[in-house]
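Participant: Next comes the sequence, and after it the predicted model I'd like to discuss.
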Amino acid sequence: GENVEQHPSTLSVQEGDSAVIKCTYSDSASNYFPWYKQELGKRPQLIIDIRSNVGEKKDQRIAVTLNKTAKHFSLHITETQPEDSAVYFCAARNTGNQFYFGTGTSLTVIP
Amino acid sequence: NAGVTQTPKFQVLKTGQSMTLQCAQDMNHEYMSWYRQDPGMGLRLIHYSVGAGITDQGEVPNGYNVSRSTTEDFPLRLLSAAPSQTSVYFCASNRDAGNNEQFFGPGTRLTVL
């Protein structure tokens, strides 16, 4: 099966700085890579995603990059704000519609 | 649309009891999944379904049963609850193979004593 590893597990940045979270996956057949934000006590919410035929995608302050050869993908948040503080999860979906999640990164943005 | 709904929000069980966690979606999504979330372990897939009448096992299926008699509903049954099943359970759905975005329910926090 798929194995998704996520680093770092915790990340603290100053407001206005950038944050980068990295994930690797093992199944080369995985074709969809979403990123979720989860606030305490809430459900995961999709913030950005990328398909395997795309190398980079950007949505305002958030971007995701995918390197299929190396089997890793990264989340980039620029100009961080206190409301970006949350736990972020990466995931990989295989061709059978099974989603495998990373173990999460707790991001703290210090005002 | 209500999206994905789950009941109950909280539940406390004694070891050996059985119960069913309910999940429903009103978006006509073909695909539905159940996850459990434990501290430091992310979300792990328990069971999933690609359509009414079709279910399959995920990463951690032991101790859980599912059925999918309608497109809308995907209940998760705990046959004999164990303390190791203490967790937060999320149900999710996505439209079909070409529409990947998963929508999550609000979760059920289960404690097994």
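Facilitator: In hand now; what should we look at? All of these numbers come straight from a predicted model, not from anything done at the bench.
Participant: The most centrally placed residue in chain B sits in which helix or strand?
Facilitator: Ranked by distance to the mean C-alpha position of chain B (CA atoms, centre = their mean), the top residue is residue B:34 at 3.0 Å. Element membership for residue B:34 (DSSP states H and E) is strand B:31-37.
Participant: thinking again about what came up before, could you look up the SS state of the closest residue to the residue nearest to the centre of chain B other than its chain neighbours?
Facilitator: Of all residues beyond its chain neighbours, the one nearest residue B:34 is residue B:46 (4.4 Å), with distances taken as CB to CB, 6 or more residues apart in numbering or on different chains. (Each C-beta comes from the backbone N, C-alpha and C, glycine too.) What DSSP: H, G, I helix; E, B strand; the rest coil gives for residue B:46 is strand.
Participant: For residue B:46, which residues are in contact?
Facilitator: Residue B:46 sits next to B:33, B:34, B:35, B:36, B:58, B:59, B:60, B:61, B:64, B:66, B:76, B:89 when contact means CB atoms under 8 Å, 6 or more residues apart in numbering or on different chains.
Participant: now it: how far from residue A:39?
Facilitator: 23 Å (CB to CB, to the nearest Å).
Participant: List the beta-bridge partners for residue A:88.
Facilitator: Counting by DSSP bridges, residue A:88 is bridged to residue A:37, residue A:105.
Participant: same check, this time on residue B:108
Facilitator: Bridge pairing for residue B:108 (DSSP bridges) gives the partners residue B:89.
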